[in-house]
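Chemist: Dropping a prediction and its sequence here:
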Amino acid sequence: MSRIGKMPITVPAGVDVKIDGCSVTVKGPKGTLTKEFRPSMKIALDGGVVTVTRETDAKSDRSLHGLTRTLLNNMVVGVTEGFKKELEIQGVGYRCQMKGKDLDLTLGFSHPVIVKPTADVSIEAPNPNSIIIHGIDNQKVGQFAAEVRKIRPPEPYKGKGVRYVGEYVKRKEGKAAKGKK
């Protein structure tokens, strides 16, 4: 049995879970999420507790057991608390600001880069060097943060660029000056 897969998911008050065959819909105070799961994973709701079981011990079922439970748990957490990713900008002259709902990035290019949020994600820039991305779907929040980081990833010589808060960037030494004769 999967150690993660066999753990039950407690559904907090105010969250509604509907299981319709392979499809699960979770509705909470922050929104609604729907996801399709494999038919070999049996999802059951018993008095405010969701459990995931598998039909067989086939390798594919064993590998999906813990994943299915984690995805369901992320859906419940997303509609109650939500997810967020924090990015920081480092570099002289590098900054960000909000223009309406869009994010305006100045990252050393000859032009500013405008990033439009998707319908599932909201952006805020509390100061010129930090970006916070919010949403109820963990995968979409992470994907959007990765796309913003990809615009100017941190480079290894000076560390300039967009990085996750707490991300370690391995620094390289620049060219050594030639010895004088």
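Modeler: Structure's in. What do you need?
Chemist: From now on I want contacts and neighbour counts done on CA atoms only, so please keep to that.
Modeler: Fine.
Chemist: Spell out which helix or strand contains the residue nearest the centre of the chain, please.
Modeler: With distances taken as C-alpha atoms, centre = their mean, Gly142 lies nearest the centre of the chain, 2.5 Å away. Assessed by DSSP states H and E, Gly142 sits inside helix 138-151.
Chemist: And Gly78, by the same measure?
Modeler: helix 59-80.
Chemist: just the angle between that helix and helix 138-151, please?
Modeler: Between helix 59-80 and helix 138-151, the angle comes out at 90 degrees (axes from the mean of the first three to the mean of the last three C-alpha atoms, to 10 degrees).
Chemist: Tell me the first helix or strand C-terminal of helix 59-80.
Modeler: Following helix 59-80 toward the C-terminus (DSSP H and E): strand 83-90.
Chemist: could I get that next one in PDB with only the CA atoms?
Modeler: Coordinates of each C-alpha in strand 83-90 appear next as PDB, following Å, rounded to 0.1, in the frame of the first residue of the first chain:
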ATOM      1  CA  PHE A  83      -1.700  28.600  -3.500                       C
ATOM      2  CA  LYS A  84       1.000  31.300  -4.100                       C
ATOM      3  CA  LYS A  85       4.400  31.500  -5.600                       C
ATOM      4  CA  GLU A  86       6.800  34.400  -4.800                       C
ATOM      5  CA  LEU A  87       9.400  35.600  -7.200                       C
ATOM      6  CA  GLU A  88      12.200  38.200  -6.700                       C
ATOM      7  CA  ILE A  89      14.000  40.300  -9.200                       C
ATOM      8  CA  GLN A  90      17.700  41.000  -8.800                       C
END
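Chemist: Nearest residue to Gly108 in space, ignoring adjacent ones along the chain?
Modeler: Tyr94 (6.5 Å; C-alpha to C-alpha, 6 or more residues apart in numbering).
Chemist: what's near enough to touch the one you found?
Modeler: Listed by C-alpha atoms under 8 Å, 6 or more residues apart in numbering, the contact set of Tyr94 reads 105-108, 129, 161.
Chemist: Spatially, which two of the residues you listed are the most separated?
Modeler: Gly108 and Asn129 (13.8 Å; C-alpha to C-alpha).
Chemist: for this structure, which spans come out with low pLDDT?
Modeler: 1, 177-181 (pLDDT under 70).
Chemist: can we see that at 80?
Modeler: Along the chain, segments meeting pLDDT under 80 span 1-2, 176-181.
Chemist: Break down it into its strands, ranges please.
Modeler: Along the chain, counting by DSSP state E, strands occupy 9-10, 16-20, 23-28, 31-36, 41-46, 49-54, 83-90, 95-99, 102-106, 113-115, 121-127, 130-135, 161-164.
Chemist: Cheers, nothing more for now.
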